[in-house]
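S.K.: Coordinates for the following, if possible.
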Amino acid sequence: MPLTLPNFLTWLRIVLIPVFVLLFYLPAGWLDSHLLNLGAAAFFAAAAVTDWLDGYLARALNQTSPFGAFLDPVADKLMVAAALIVLLELGRVQGFIALIIIGREIAISALREWMAGAGQGKNVAVALIGKIKTASQMVAILLLLYHEPVMGLPVREIGTWLIYLAAVLTIASMVYYLVQALRPANVGR
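M.R.: Model (predicted):
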């Protein structure tokens, strides 16, 4: 595995996950709640930007690789799962929402692996509904991590509505991918 800039950014995202989580386990008084929320939101925003940037750079610099294609979604899922678990522990997201989102990620990853093994990986390639789900999920998590009003906007409430939207889109996208995978042309191959 060559250490290209896109792969470095993906590894950086993975390495930052424990730092992100440790913010919430600092001894009381080290950071006030505003700095804690700001720091967590900043780490998550940086992870989201590197997620976009590593894919863009891999294509722009012609540095795509099978390993990078494998590692990038793993890094994404680890970061989202870590953020949801932190939000769950803080009481900012409900358990069933975290379960829906994390469970779907595991199920679709397994489905994609199975379909790729069957030579049908393109049938479960990322679709528009998956991209919309990811966008609403990332924005929701960012807002729920920050959790404080911004210029009078109720960030917590907006984040809560977006995470519910993300959960609905999560289920819809999972159904979409399952239907694509189980089309009669793909069954039995």
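
S.K.: okay, and the helix or strand of the chain with the least pLDDT?
M.R.: helix 95-117 (a mean of 87; mean pLDDT, DSSP states H and E).

S.K.: contacting residues around it?
M.R.: Under the contact criterion CB atoms under 8 Å, 6 or more residues apart in numbering, helix 95-117 has outside partners 73, 77, 80-81, 84-85, 87-88, 121, 123-124, 137, 163-164, 166-167, 170-171, 173-174, 177-178, 181, 186. Backbone N, C-alpha and C define where each C-beta goes, glycine included.

S.K.: Could you list which of these belong to helices?
M.R.: 73, 77, 80-81, 84-85, 87-88, 137, 163-164, 166-167, 170-171, 173-174, 177-178, 181 (DSSP state H).

S.K.: Give the buried subset of those residues as a ChimeraX selection command.
M.R.: Per 16 or more other CB atoms under 10 Å, the buried members of the ones in helices among the contacts of helix 95-117 correspond to this ChimeraX selection:
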select :73,77,80,81,84,87,88,137,163,166,167,170,173,174,177,181
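
S.K.: sorry, back to before: now the least confident helix or strand of the chain: buried residues?
M.R.: For helix 95-117, by 16+ other CB under 10 Å, it's 97, 98, 100, 101, 102, 104, 105, 108, 111, 112, 115.

S.K.: contacting residues around residue 9?
M.R.: Contacts of residue 9 (CB under 8 Å, 6+ apart): 50, 53, 54, 57.

S.K.: Centroid-nearest residue for this structure?
M.R.: Geometric centre of the chain, nearest residue: residue 80, 4.0 Å, by CA atoms, centre = their mean.

S.K.: rewinding a little: output the buried residues of helix 95-117 in CSV; the columns should cover distance to residue 66.
M.R.: What follows is the buried residues of helix 95-117, written out as CSV (distance: CB to CB, whole Å):
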residue, distance to residue 66
97, 33
98, 30
100, 30
101, 26
102, 25
104, 24
105, 20
108, 19
111, 19
112, 14
115, 16
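
S.K.: any idea which of the residues you listed is the one closest to residue 67?
M.R.: residue 112 (15.9 Å; CB to CB).
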